[in-house]
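Asks: What shape does this take:
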Amino acid sequence: MKRIGFKRIFVLAGHYPNADMAKLASEIFSDEDIKIIAAKEPDLVEGETGDHAGKWETSLLMVLFPELVNLKLMENKKDRLMAIEGDDPAKSSEVYGKEILEKILSKMELLLKR
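Replies: Numbering: from 1, shown residues only. Coordinates of the predicted model:
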């Protein structure tokens, strides 16, 4: 990427365990010619920690890929929260998703300008 002229790269590690590796790589490969920034999306929104298939991720998905979200599929399921970490995805909303997406994009833009 550096060889073909990239000056800025932003790695958004949506799978949180990969974030530490991405941050380490950004430290190793950034120099005066190329700036690499790595973060996970909740790092970009003050006071947020993110989640796994909970309100945070589901709300973002409602904005980015609404055709993939059907909260009605959870109704009357005994184990509907089995793999979820964070707030219940039933609390998700497009309004919240838009709010956090705007904050994420604004912070990314700010970091890329530095």
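
Asks: Contact partners for the residue nearest the centre of the chain?
Replies: In the chain, the C-alpha closest to the average C-alpha coordinate belongs to Glu41, at a distance of 3.2 Å (C-alpha atoms, centre = their mean). Glu41 is in contact with Leu12, Gly14, Gly50, Leu60, Ile100, Ile104, counting by C-beta atoms under 8 Å, 6 or more residues apart in numbering. The C-beta positions use only the backbone N, C-alpha and C, and glycine is treated the same way.

Asks: do Trp56 as well
Replies: So Trp56 contacts Pro42, Glu48, Gly50, Gly86, Asp87, Ile100 (C-beta under 8 Å, 6+ apart).

Asks: before we move on, what about Asp79?
Replies: Counting by C-beta under 8 Å, 6+ apart, Asp79 has no contacts.

Asks: how near is it to Gly86?
Replies: The gap separating Asp79 from Gly86 is 17 Å, by C-beta to C-beta, to the nearest Å.

Asks: repeat for Gly50
Replies: 7 Å.

Asks: Read off the pLDDT value for the residue sitting furthest away from the middle of the chain.
Replies: For the chain, the largest distance from the centre (C-alpha atoms, centre = their mean) belongs to Asn76, which lies 28.9 Å off. Per-residue pLDDT puts Asn76 at 87.

Asks: Give me the contacts around stretch 7-22.
Replies: 1, 25-26, 33-41, 43, 50, 108, 111-112.

Asks: buried subset of the contacts of Glu41?
Replies: The neighbour-count criterion (16 or more other C-beta atoms under 10 Å) marks Gly50, Leu60, Ile100, Ile104 among the contacts of Glu41 as buried.

Asks: Thanks a lot, catch you later.
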